[in-house]
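Chemist: okay, structure incoming, though there's no sequence with it:
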């Protein structure tokens, strides 16, 4: 079994690589020349340097690998960042996905292709609309969310038009070690780690604390997507979520408690987004029907993220 993972140096991509290799599958990955991580070193022979927006370069990779499974995780993956890099978000997430789909049709037409879709696609919702079921209309309200809705629709088009086996996981917020500080949890943990190491004053700067999210440990999320690949149906969106919700304020307090630090919390206008869904809570009935069960508690996940940032903060 040959597996090709785009974005293999990212948090989800690197965990996917571990899961695939644990099954004995030959696993290669695509990453930009500028991408690096502790999970996949620059000179790792399993990492092929390629930009997914370069169709010819990507075609060369597909011709070489001839994958049986394609895991497409490469993207501009941050909702908040999409406001300041809107054009790049569209280029990477829409054009890049189209290139992956077309290369799959051209060089791996029998492959299973899993596209990273997002809970952000639900968009303009009210708390009473939750838990969110996959059949509800999508109303994305951020540049990132629009590109992810386009990703899913392109995948469905290729499934219907070309018979490509495209799997559509709607990923709620995945949390784990090895992630940049571009999300609230990672940013909180990073600040606390730097405070613990004496490299930052005991003042935490935060954005909107009044929202709530369905967070899932990246290990549980990858397991859910493996269940989708092995037991699910192509062309059918499936929420990858826990079915439980945590407020950002409660999450911050849990991290502070886990750190054992005394800190002052200050609101920073620069960390607020133009729009922010008050609640994102998913219905995971479809996922559980595929045999998925949650293995990691939220506190275990937060502890792992904080420990990771303590290590990254150094001595």
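Modeler: Arrived safely. Since the model is a prediction, treat every value here as computed from it, not as a measurement.
Chemist: from residue 142, how far off is residue 183?
Modeler: As judged by C-beta to C-beta, to the nearest Å, residue 183 and residue 142 stand 14 Å apart. Every residue, glycine included, has its C-beta placed from N, CA and C.
Chemist: show the average pLDDT along the top helix by length along the chain.
Modeler: Criterion DSSP state H: the longest helix present in the chain is helix 143-162. Helix 143-162 comes out with an average pLDDT of 97.
Chemist: likewise for stretch 58-67?
Modeler: Taken as a whole, stretch 58-67 has an average pLDDT of 97.
Chemist: buried ones in that stretch?
Modeler: For stretch 58-67, the buried set under the neighbour-count rule, 16 or more other C-beta atoms under 10 Å, comprises 58-59, 61-62, 65, 67.
Chemist: list the helices and strands the least confident helix or strand in the chain by mean pLDDT packs on?
Modeler: Using mean pLDDT, DSSP states H and E, the weakest-scoring helix or strand in the chain turns out to be strand 279-280, at a mean of 90. Under the contact definition 3 or more C-beta pairs under 8 Å, 6 or more residues apart in numbering; DSSP states H and E, strand 279-280 sits against strand 212-213.
Chemist: what residues does the strand it packs on touch?
Modeler: Strand 212-213 is contacted from outside by 172-173, 245-248, 278-281, using C-beta atoms under 8 Å, 6 or more residues apart in numbering.
Chemist: out of the residues you listed, grab the one that's most surrounded.
Modeler: Most neighbours among these, by other C-beta atoms under 10 Å: residue 172, with 27 neighbours.
Chemist: just to revisit the earlier point, what's the lowest-pLDDT member of the contacts of strand 212-213?
Modeler: residue 278 (83).
Chemist: where along the stretch 1-150 of the chain do the helices fall?
Modeler: Under the criterion DSSP state H, counting those that start in this stretch, the stretch 1-150 of the chain contains helices at 11-22, 55-65, 86-90, 96-107, 143-162.
Chemist: just the buried residues of stretch 58-67 now: which is nearest residue 79?
Modeler: Nearest to residue 79 among the buried residues of stretch 58-67 is residue 58, at 25.1 Å by C-beta to C-beta.
Chemist: show the contacting residues for the closest one.
Modeler: Going by C-beta under 8 Å, 6+ apart, residue 58 touches 30, 50-52, 99-100, 103.
Chemist: just to revisit the earlier point, higher neighbour count, residue 183 and residue 142?
Modeler: Set residue 183 next to residue 142 and count neighbours by other C-beta under 10 Å: residue 142 wins out with 23 against 19.
Chemist: now do the buried residues in stretch 164-182.
Modeler: Across stretch 164-182, burial judged by 16+ other C-beta under 10 Å covers 164-179.
Chemist: my error: substitute stretch 304-312 in the last question.
Modeler: If you call a residue buried by 16+ other C-beta under 10 Å, then stretch 304-312 has these buried ones: 304-306, 308-310, 312.
Chemist: how far away from the center of its chain is it?
Modeler: Relative to the centre of its chain, stretch 304-312 is centred 19 Å away, using C-alpha atoms, centre = their mean, to the nearest Å.
Chemist: what do you get for stretch 197-207?
Modeler: From the chain centre to the centre of stretch 197-207 is a distance of 26 Å (C-alpha atoms, centre = their mean).
Chemist: with stretch 227-241 instead?
Modeler: Using C-alpha atoms, centre = their mean, the offset of stretch 227-241 from its chain centre is 15 Å.
Chemist: and it, end to end?
Modeler: End-to-end distance of stretch 227-241 (C-alpha to C-alpha, to the nearest Å): 13 Å.
Chemist: residues contacting it, please?
Modeler: Here stretch 227-241 makes contact (C-beta under 8 Å, 6+ apart) with 69, 112, 114, 117, 119, 132-134, 152, 155-156, 159-160, 164-172, 174, 214, 216, 221, 224-225, 281-284, 286-287, 290-292.
Chemist: at 6 Å what do you get?
Modeler: Residues outside stretch 227-241 that contact it (C-beta atoms under 6 Å, 6 or more residues apart in numbering) are 112, 114, 134, 156, 159, 165-172, 214, 216, 221, 224, 282, 284, 286-287, 290-292.
Chemist: among the residues you listed, which are located in strands?
Modeler: Of the contacts of stretch 227-241, the ones assigned to strands by DSSP state E are 112, 114, 165-171, 216.
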